[in-house]
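Student: sequence and predicted structure below; questions after.
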Amino acid sequence: MKKSLYMVSAIVLIAGLGGAALIYLTTDDYSDNVGYEIIDGQAYPINPEDSKTYMHDMEIYGGKANVIADEFMRWFDGLWHGKGLAYTVAFFAIFISLILVLYASRLLSGTGKKENSRPETG
């Protein structure tokens, strides 16, 4: 059982990190532009947090809490797109692999076994 847990842990780690590398190499950074600004014939994307009008409207509608919630939601949404997804997949692969290794080592050390609680007679 211990060897199979170590094997599964290695497979999860290799597959997860390989998948994360593949995602990282094949995707672009995720952005949620609200528009473009043209300067000298070049188009530059405008992120919502860079737009004073957007930030002002957010604060008017919901106060500072709305601005903070919007920043959090943009960060969380970024975890599931583009290169951020690669980091998320790598983190989960390492985390799950570590949990499996710790569980297997606990089985190995015997601390996971139940003790027989019979009192000694004598």
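Tutor: Arrived safely, thanks for sending.
Student: spatially central residue in this protein, please.
Tutor: Centroid-nearest residue in the chain, with C-alpha atoms, centre = their mean: residue 88, separated by 2.9 Å.
Student: do you know how far it is from residue 39?
Tutor: From residue 88 over to residue 39 the distance is 34 Å, taken as C-beta to C-beta, to the nearest Å. The C-beta positions use only the backbone N, C-alpha and C, and glycine is treated the same way.
Student: for residue 21, same thing?
Tutor: For residue 21, the distance to residue 39 equals 36 Å [C-beta to C-beta].
Student: more neighbours: which of the two?
Tutor: Taking other C-beta atoms under 10 Å, residue 21 and residue 39 do not tie; residue 21 has more neighbours (13 against 8).
Student: surely the more buried one is in contact with residue 86?
Tutor: Yes - using C-beta atoms under 8 Å, residue 21 is in contact with residue 86, at 7.3 Å.
Student: so which other helices or strands are in contact with the helix or strand hosting residue 94?
Tutor: According to DSSP states H and E, residue 94 maps onto helix 82-109. When contacts are defined as 3 or more C-beta pairs under 8 Å, 6 or more residues apart in numbering; DSSP states H and E, helix 82-109 packs onto helix 2-26.
Student: the helix it packs on: which residues count as buried?
Tutor: If you call a residue buried by 16 or more other C-beta atoms under 10 Å, then helix 2-26 has these buried ones: 5-6, 9, 12-13, 16-17, 20, 23-24.
Student: can you give the domain ranges for the chain?
Tutor: The chain breaks down into these domains under automatic domain parsing: 1-30+82-110, 31-80.
Student: highest average neighbour count across those domains?
Tutor: Ranked by mean neighbour count, the domains of the chain are led by domain 1-30+82-110 with a mean of 15 (mean count of other C-beta atoms under 10 Å).
Student: show me where pLDDT drops low in this structure?
Tutor: Applying pLDDT under 70 to the chain flags residues 30-34, 108, 110-122.
Student: can you rerun that using 50?
Tutor: In the prediction, the chain carries no residues with pLDDT under 50.
Student: isn't the residue nearest to the centre of the chain right next to residue 77, touching?
Tutor: No - Residue 88 sits out of contact with residue 77 when judged by C-beta under 8 Å, with a separation of 11.4 Å.
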